[in-house]
Structure formats: C-alpha cells, structure tokens
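Participant: predicted model and sequence below, questions to follow.
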Amino acid sequence: MRGGAANPVRLRYTKLGKVRWISHRDVARALERSFRIAQLPLAFTEGFSPRPKVSFGLALSTGHESEAEYLDIVLAQDIDLDALPDQLNSGLPEGIRIVGVNALADRAPALQEAVTCVEWRVDVAHADLTDVDPQQLRERVDAAMALPELPTTKRRKGRDVVEDVRPVIRRITVCDERSTHELRTWVEMEMSTQPRGAKPGEVLAAIGDFTDIRARRMHQWIERDGARQEPLDADTRPRVPNAYAS
Amino acid sequence: MSDLWPRIEPLLARVEKPARYIGMEMGTEPGNLAPRHGSGRAAFLLIYPDTYEIGLPNQGLQILYELLNERDDSVAERAYAPWTDMEASMRAARVPLFSVDTHRAAADFDVLAFNLSAELVYTNLLNLVDLAGVPVRNEDRAPSHPIVIAGGHCTYNPEPLAEYVDAFVIGDGEEVISELAEVIGAWKRGGRATREAVLRELATIPGVYVPSLYDVEYDGPVVRSVTPRFADVPAVVDKRTVADLAEWPYPKRQLVPLVEVVHDRLNVEIFRGCTRGCRFCQAGMITRPVRERPEEQVRTMVKEGLRRTGYDEVALTSLSSADFSGIEGVVADLVTDQEGTGGVGVSLPSLRVDAFTVGIASELQKVRRSGLTFAPEAGTWRLRQVINKLIIEDDLYAAVDAAYSQGWRRVKLYFLTGLPTEMDEDTLGIAQLATNVTDIGRKYTKQASCTVSVGGFVPKPHTPFQWFGQNGVDELQRKITLLRNAVRGTRAQVKWHDPKATFAEGIASRGDRRIGRVIERVWRAGGTFQEWSEGFSLDRWLDAMHAEGLDPDWFVTRHRTRDEVLPWGHIAAGLHADFLWQDWQAALAEHGLPDCRWTPCYDCGVCTDYALEHVVASPLAPAGGSQGTGQDLSGPAVDVPVRFLGRKPPAVVPAGGAAVPSAVTT
C-alpha cells in the first residue's frame, strides 16, 4: 500500500545525439539527479532502506538513440505537471529531454510489461561498415521474412545463445535516399517486445551480412484489447487531484 | 577540421565504455568554448594521464579549468588517456589525442598541461604527447608544437621527466596559472618565436622549473650539481603556496560526469596541508602549512554545490578531515539541513583512528553501515613512532569497538610494509592487531570481519624517509607471505599491492634525469597504464634499466647518505634539509614529533621561509585523537570521548546508499 497522497506520473523523454553513448544506467542516474536539482517531491519506498519510487521502461542499449523513452515516478504531493518538463530539462544533458508527461492511474501495469511493440529507424551498413545496396537488402529482407525461423547467435549473460528472432519481427521496410555525395540506406522496423524482444543489430545480422550504424527508437506502443496506445495516453488518471479523494 | 567528432564517433561502437570520450559533463559549455579558440587566447589542454573515470574527478584539474575559462585571455579544455582499445582504434584511423569538450585535436592547443599524481603514469604522459602528434622529447619540438607542462605532487621530483616536459609547476596552481596564461598568450600573439624565448620567460615565474635551462653534472653515478645556465634562471625553484584558501572557493561549478567515475560525488576541500607529520607521507610534507577554509564558506559551497549538481553525496576532503576545526558542527548541520530534501550522504575521506571519529562517522552513516576504514599504517607502537603515526593500540580498539557496537560489520585496516627499521615482529603485529580487531567485532556480531590492506612503502622526495633504501621485491614478498601465514585460520583477510609495481614506482620516485630514457624505453616497449595490473610488467622496467646501463638497486634499495646531492635538491618545498635529516634521525631513534598546529613551532622551514602561517579556526587540538596532539600517550585510553551528535530517526535517506568514510592518508 502506498501511504498518503500518491501521485503516479509517466514521463516521456528522448536520448539523441552524443549522449547516445551513455548506458541505460547512466541515463537513469542523470534523470535522478535532475529530480533532485528540481527538488521534485518524490515518494519513497518504506522500510529499512527507502528508495525513491522510480521505475524505468524498456532498456535502451548504449549507442542507440530514441525519440520515445518512458519512466514512471510517484510523487508525494501534487505539482503542476505542465511545468515539469521545463523544470527537469534544465538539469539534464543535451539530448535527454522530457517531451511529455501525464498523470498515471494507481496500479497501472509497469512499462516493461505493458509495452508490446516498438518501432525503429536504423541506418544500415555491411558488417565491415561498407555501403549497402538497397535493392540487395530488400531481396534479403523479403527472403528472410518468408522463412519460418531466423536463428541468430546472441550474447546472453556472457554466453552465446542461439535464438529465433523471426517471431519478433512484425515489419521491415527498406528505404534509401541518394544525395550527390552519398547513398543512405535505412530500414524501418516494427518489433514485438513480448515475451522477448531483440536488438535491431541482432535482427540485421540474422537477415544477412548487415549491421546497424545508427539505430533510433521512434515509438513504443501498448497494445491491449485490439487497441494501440502511446504509453503516455494509456492508463491515465484525470488531472484533478480531488477526483480520487475518498 | 577543428572538430574531430565525425571521425571519433564511428570508433565508439567497438570500444569499451564509449561515454569516456563524449564529454558533456554538467558544468561544461562546449558551445561557448569552441569560439574562444584562435583569437589570441592561450589555449590549454588539461590532461589527466589515466582513464577518464580516474581523471575526471581530479579537483586540481577542475580548478584550473574554471580559472582559465574565467579569464578573457585564455581557454581550457580537458583530455584523459584513452583506454588501450580506443587508442588502437585512434591510431588505426589516424585520429590524434582530442579534447573531450569540443573534440579538438591536442596539437591545436598552445599548452599540453599534465597532472602528475603518481609516478607510474609517466609512460602514459609520453604516450599521450605522442598520440597528440607532438615529439616526445623536448629537444625535438618546434615552435609550432604545444608547450608541454606538468604540475601535481610528482613534480617535486621533476627530474625523471626533465627531457620530456618543457616546464614544471611546483605547488598550488591557483595563482601561477594566470601568470602562465599571460606569458604564453603574449608569446602566441607575438607570432610564437623560438621555444627557448618563451621557456626563458616562463622560468622567471616563481614556482616554474624549466629543466632544459639547467646543466646536470655527475660524479660517477651520483649527481654532483644541477646548475642554471643563465643568470636570470633561479638556482632553486620554490613551491607556490596559496596563503588563504578563502580566496579560492573553487571549483565553483564542479563537473558532473554522465558516467560513473571514482569519487562520484560533490567534493568540497575543507583544508589544504597537514602537519600531523607522518614521515612516510609526501603529501603531508609538501603541502604545509595547514590552511582551513572558513566554516561558513564550506557550508555555502556544500549547499550550492548540492543544489546545482543534484548529487546525493558530498565529501569534505583534506588530508585528515576530522582535524577541521568545528567538524562536528558542520557535519551535524549538514545532515540536519538535508533532511526533507531528498537525503544526502556525507563522507570524510582520510579519517583519524579514534573513537571520536567514529562518533562523527556514525552521524554520517545512519543506515547502511557496510564498512569503515582506518589506517594505523604499522603493526607495532614502536614502528608507529618511527613513522610518526602516533596511534596507540587502545585508540584503535576504542575506535573499532565504537564502530562494531554501532552497527558496522566490516573494518578495513591500511598498512604499509617495508618501512624503515621494520622487523618481523612489526609484520606479525599487523596480524595481531587484525585478530584483536575481529575479536572485538565478534562481541557484537558473528559476521564481524576485518580486511587488512598492505601496500609496499616507496620513499618519496622531500620527506624524512627520502634517504631510506626501499625494500626490494623479495623482501616485500617475504613480509607479505609472513603476514598471510600469520592470519591464516583467523577471520582477517589480507590484500596486498604487487611488490613488483612498488619497485617500479621506486625507480621513478627518486630517479634522476637518466631515468627519463628508461621511462621512454618502457613506453616504446608498450608499457602504458602501468598502474593497471593488466598493463604492468616489471621486466620491461628492468630491461630498460639494463639497456641504459643503470643499476635498479642503486636507485631503489640503496640508502642515501647525508652529503649526497639529491636529484630534486634544486626544488624546494620549504622544508629545511636539516629539519628533514633531524626528523629522519628522530625516526631511527623511535621518537615521535607532535603536530605543530597545537604545539610550539619546531621550524620545519615552511612558515618561516615563506612568511606563511597556519590558518586554523581553533587553537585547540581535536578531542580524542592521540595522533600527534601532544597528549599523554602513556596511559590507557579508556576515557576516549565518543560523543554522539543528536540522533533523530532518518526522515529521508540517501538514495544512492550511504558513503563509506575511509581513513587512507597515503
């Protein structure tokens, strides 16, 4: 049971640019520092070693960018949520920006379980970092999607494990753009995260001799009862504190 | 191209901890730094020659970074040693050493300024100069190359790097950095005439040593003289000392890194200098006198620093933080002030060994009491008198009793081995202390444990032990084995430092100019990151010594005589040679020397020669500590006061867990 007035809040933030090279844990620490700088009235867990009530969504690998990361926090008192992004952003490094906030229902399902689908935009190269011919990539993608299984070797807890990534892939679209200087080839991918997700690079390696040189998560989705929602719009709570007073 | 980022970023996907190379710390403003280059301003690249995680928190470097960027006529950025994987990628891709602020090539700066805190980083300095695309030897550099400068504690013996560093800065950097910026800026705006011109100019700044302006003559293997080649070059270079820390409330904007680093917390220096007089401790000798920061300024710096950085931990740093006048009040208020604002952990590095100190520590660590560290340094009272670390055993036991009774489970004890006059009974004394400590702990908890950390002693320049012949590898190894056997079957655990690394440190610590070529050979043989066990091999050092025709034992294990010209004799920390020699004789006679903050002056030379004095708020010695306070040390210490500051239930608790105060003074 949460004591007193508990106000769960969901935040959406970005991780873009140079800051993509910090780890998920580093992002968490930066956000926690920004909460302290803003003197955010966080609720704490009870017990011998109280911790602020903060829970992060899906991890984002070091090196990956994102337009759509989420975390849930619980505040000990009501604050003006519209002012929150600016308050926090002044204490955050360039590239990490709070871009959305919403009041969350009590006991909303945790992000890590609730999010079922993510979308990526991934710049692709061959494993030796040479340019990819988009037509060749399209053919390989079509061939791979026609297969019942796509086994790939992943590192899991320090061991090599063979996993089938085919069930993870919902859609892959190959895109290209030719400028005077260079040929840019990227893929747009939609992937399941439940019961288990995969990294864009793992999927590309399963398809052929490809790697990601820049991967950006564009969306995360919560799919429930046939409907698909942006996590900020799911499990919301009316922003009138007294509505829940009883 | 001044911004190397587009060439650096493709390397990052394949290296360990890529965030080491991105900069972006809170407190930096790369957008404002970039335009400051190339407009006649002296551009300093401040380099810590070890990994980012070790180098970033360095307060000295951060202070200079702020001061140089506050000035109109200078600009400063930072660089750290890329780890071996990144260095290999950089060399393969022809990417030179770069700043982490704006990712600018090192060779585009006017100055490469190194912080030297440990001798084993010397090979990294050469490697980084080379990685910058600058010739490693002074004599091979052209006017277009940056000037290579070094500061930090190791520069009190600059000779091993005399042929690789253009100018050394001895002592506190706050004032002298501006004088350097002026001279170098003028040289730059004047079209960078010869290097000798600017080096001659630099040599006239007090505290600056330009080794190429001195001739060294030898008498057989011994240095006969070090003589300036010009009349306006000082025969002796005196250290610089900031008289009043209150005038320097820096860093004002401590950098907050995005990745975890050592000492990842707000650090506020509460005093500089130490007169405890531990004879093995170079820091305590060369940083005299004691200069306390006013209590009010400490409070302000803590308060503003926490608010600005979002850190949930602050360290009040110094060489012996419990000695700060009024430390109890500062700590109590800090803990109280922070209640209700998210909670803050406070740590006091370098704690004295006494129960009073534990009382403070208990105030700091209200919840998670994992471990507490003390540094008795030697295993018997006799040897502690030799090294002037005047902790009586009852003090240690009272401290440990207080710690275990208040909930700590683990006590860590630091010792040195290979100290002057050390005998096997001193080594066995360490085991006895550790056993007694665990016995005390068992009264309170079955889980009581005690870890003993043993480091090999390396005699340092400008200390009373500078004449002492260091223990060789075999002797240190024998003592460590003796100790390990003695604690077998007890609940004490022994950890030790590799005696081979201790030996290599000994080569560099008291080396002369000839050691430079040894360092160069070790570097050319691939010996970077010598402080890291994966990079270290003593054989490289011994091979290099052999190739240079130098006898390692002559440099490391030989006792020096009083009349010998020491290679660092022309560098002055203010300590009279007579004082050091008398203190060395007193050590051999097993006589301790009280702390001069609270007892009459014994004229070590620093205050009198430099017209300085201690800046301390309280003329009284702190309660409870026998160490050098002039208290009667003969009686039992049953009445050691343990004052518990007002205890309230923790309303809020540091989110990151409580800090572990440590008592390391070396």
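Facilitator: Here it is on my side, so go on. Numbers count the residues shown, from 1 in each chain, chains lettered A, B, ... in the order given.
Participant: pLDDT below threshold where in chain B?
Facilitator: Along chain B, the parts satisfying pLDDT under 70 run over B:1, B:338-343, B:350, B:355-356, B:365-370, B:622-666.
Participant: check it for the residue nearest chain A and tell me.
Facilitator: Using C-beta to the nearest C-beta, the single residue of chain B nearest to chain A is residue B:310, 3.2 Å away. C-betas here are computed from N, CA, C, even on glycine.
Participant: tell me the spacing between that residue and residue A:115.
Facilitator: Residue B:310 sits 28 Å away from residue A:115, going by C-beta to C-beta, to the nearest Å.
Participant: that older thread, what backbone torsions are found at the closest residue to the residue of chain B closest to chain A other than its chain neighbours?
Facilitator: Spatial nearest neighbour of residue B:310, chain neighbours left out: residue A:33 (3.2 Å); criterion: C-beta to C-beta, 6 or more residues apart in numbering or on different chains. Residue A:33 has phi and psi values of phi -60, psi -40 when expressed as degrees, to the nearest 10.
Participant: tell me the domain boundaries of chain B?
Facilitator: For chain B, automatic domain parsing gives the domain ranges B:5-238, B:265-514+B:550-610.
Participant: contact residues of chain A facing chain B?
Facilitator: Neighbours of chain B within chain A, by C-beta under 8 Å from any C-beta of the partner chain: A:18-19, A:21-23, A:26, A:29-30, A:32-37, A:39, A:42, A:44, A:48-52, A:62-63, A:91, A:93-94, A:129, A:213.
Participant: report the central residue of chain A.
Facilitator: residue A:69 (4.2 Å; C-alpha atoms, centre = their mean).
Participant: how about residue 192, what does it touch?
Facilitator: Using chain A here. With contacts defined as C-beta atoms under 8 Å, 6 or more residues apart in numbering or on different chains, the neighbours of residue A:192 are A:116-117, A:167-170.
Participant: please refer instead to chain B.
Facilitator: Contacts for residue B:192 (C-beta under 8 Å, 6+ apart) come out as B:143-144, B:198.
Participant: give me that answer again for 6 Å
Facilitator: By C-beta atoms under 6 Å, 6 or more residues apart in numbering or on different chains, residue B:192 lies in contact with residue B:143.
Participant: wait, doesn't residue A:218 sit right on residue A:67?
Facilitator: Yes - between residue A:218 and residue A:67 there is a contact at 5.4 Å, judged by C-beta atoms under 6 Å.
Participant: so what's residue B:377 closest to, chain neighbours aside?
Facilitator: With C-beta to C-beta, 6+ apart, the residue lying closest to residue B:377 is residue B:389, at 4.7 Å.
Participant: how would you label the residue nearest the centre of chain B: helix, strand or coil?
Facilitator: Geometric centre of chain B, nearest residue: residue B:117, 5.0 Å, by C-alpha atoms, centre = their mean. Three-state assignment for residue B:117 (DSSP: H, G, I helix; E, B strand; the rest coil): coil.
Participant: for the nearest residue to it once chain neighbours are set aside, give me phi and psi.
Facilitator: Closest residue to residue B:117 apart from its sequence neighbours, by C-beta to C-beta, 6+ apart: residue B:152 at 5.1 Å. Main-chain dihedrals, residue B:152, degrees, to the nearest 10: phi 110, psi 170.
Participant: doesn't residue B:116 make contact with residue B:152?
Facilitator: Yes - with contact defined as C-beta under 6 Å, residue B:152 reaches residue B:116; the gap is 4.1 Å.
Participant: still on that earlier bit, which strand or helix spans the residue nearest to the centre of chain A?
Facilitator: strand A:65-75 (DSSP states H and E).
Participant: swap in residue A:9?
Facilitator: Secondary structure from DSSP H and E places residue A:9 in strand A:7-15.
Participant: I'd like to know which elements that strand is packed against.
Facilitator: With contacts taken as 3 or more C-beta pairs under 6 Å, 6 or more residues apart in numbering or on different chains; DSSP states H and E, strand A:7-15 sits against strand A:65-75, strand A:98-103.
Participant: contacts for the last one?
Facilitator: Read that as strand A:98-103. The contact list for strand A:98-103 (C-beta under 6 Å, 6+ apart) reads A:9-14, A:81, A:84-85, A:88-89, A:232, A:236-237, A:239.
Participant: domain assignment for chain A?
Facilitator: According to automatic domain parsing, the ranges for chain A are A:7-113, A:117-224.
Participant: can you say which of those is packed in most?
Facilitator: domain A:7-113 (a mean of 18; mean count of other C-beta atoms under 10 Å in any protein chain shown).
Participant: lowest average confidence, helix or strand, in chain A?
Facilitator: Sorting the helices and strands of chain A by mean pLDDT, DSSP states H and E puts strand A:151-156 at the bottom, at a mean of 83.
Participant: what strands flank that one, and is each parallel or antiparallel?
Facilitator: Strand A:151-156 has the following strand partners under DSSP bridges: strand A:159-164 (antiparallel).
Participant: now the strand it pairs with, how far from the centre of its chain.
Facilitator: 23 Å (C-alpha atoms, centre = their mean, to the nearest Å).
Participant: repeat that for stretch B:382-397.
Facilitator: 23 Å.
Participant: again, but for stretch B:258-265
Facilitator: Its chain's C-alpha centre and that of stretch B:258-265 lie 17 Å apart, by C-alpha atoms, centre = their mean.
Participant: got it, and stretch B:477-486?
Facilitator: 28 Å.
Participant: neighbours of residue B:262, how many?
Facilitator: 12 (other C-beta atoms under 10 Å in any protein chain shown).
Participant: for it, give me its contacts.
Facilitator: Residue B:262 sits next to B:53-54, B:57 when contact means C-beta under 6 Å, 6+ apart.
Participant: redo those residues as a markdown table? Include distance to chain A.
Facilitator: Shown next, in a markdown table, are the contacts of residue B:262 (distance: C-beta to the nearest C-beta, whole Å):
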| residue | distance to chain A |
| --- | --- |
| B:53 | 12 |
| B:54 | 17 |
| B:57 | 15 |
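Participant: now those residues as TSV including neighbour count and secondary structure?
Facilitator: Putting the contacts of residue B:262 into TSV (neighbours: other C-beta atoms under 10 Å in any protein chain shown; DSSP: H, G, I helix; E, B strand; the rest coil) gives the following:
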residue	neighbour count	secondary structure
B:53	18	helix
B:54	20	helix
B:57	20	coil
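Participant: shouldn't the residue nearest to residue B:310 be in contact with residue B:311?
Facilitator: No - here residue A:33 does not reach residue B:311: they are 7.0 Å apart, not a contact under C-beta under 6 Å.
Participant: what ranges do the strands span in chain A?
Facilitator: A:7-15, A:54-56, A:65-75, A:98-103, A:117-126, A:151-156, A:159-164, A:169-178, A:183-192, A:210-224, A:227-229 (DSSP state E).
Participant: out of those, which gets the lowest mean score?
Facilitator: Lowest mean pLDDT within the strands of chain A: strand A:151-156, a mean of 83.
Participant: how about that strand as CSV, C-alpha atoms only?
Facilitator: Provided in CSV are the C-alpha atoms of strand A:151-156 (Å, rounded to 0.1, in the frame of the first residue of the first chain):
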residue,chain,number,x,y,z
PRO,A,151,18.1,-18.3,-35.9
THR,A,152,20.8,-15.8,-34.7
THR,A,153,23.5,-16.0,-32.1
LYS,A,154,23.2,-13.6,-29.2
ARG,A,155,25.2,-12.9,-26.1
ARG,A,156,23.1,-13.5,-23.1
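Participant: Provide a list of residues in contact with residue A:11.
Facilitator: A:71, A:98, A:101.
Participant: neighbours around the closest residue to residue B:598 other than its chain neighbours, how many?
Facilitator: Using C-beta to C-beta, 6+ apart and skipping residues adjacent in sequence, the residue nearest residue B:598 is residue B:621, 4.2 Å away. Applying other C-beta under 10 Å, we find 19 residues neighbouring residue B:621.
Participant: and what of residue B:139?
Facilitator: By other C-beta under 10 Å, the residues close to residue B:139 number 9.
Participant: distance check, residue B:606 against residue B:612.
Facilitator: Going from residue B:606 to residue B:612 by C-beta to C-beta gives 7 Å.
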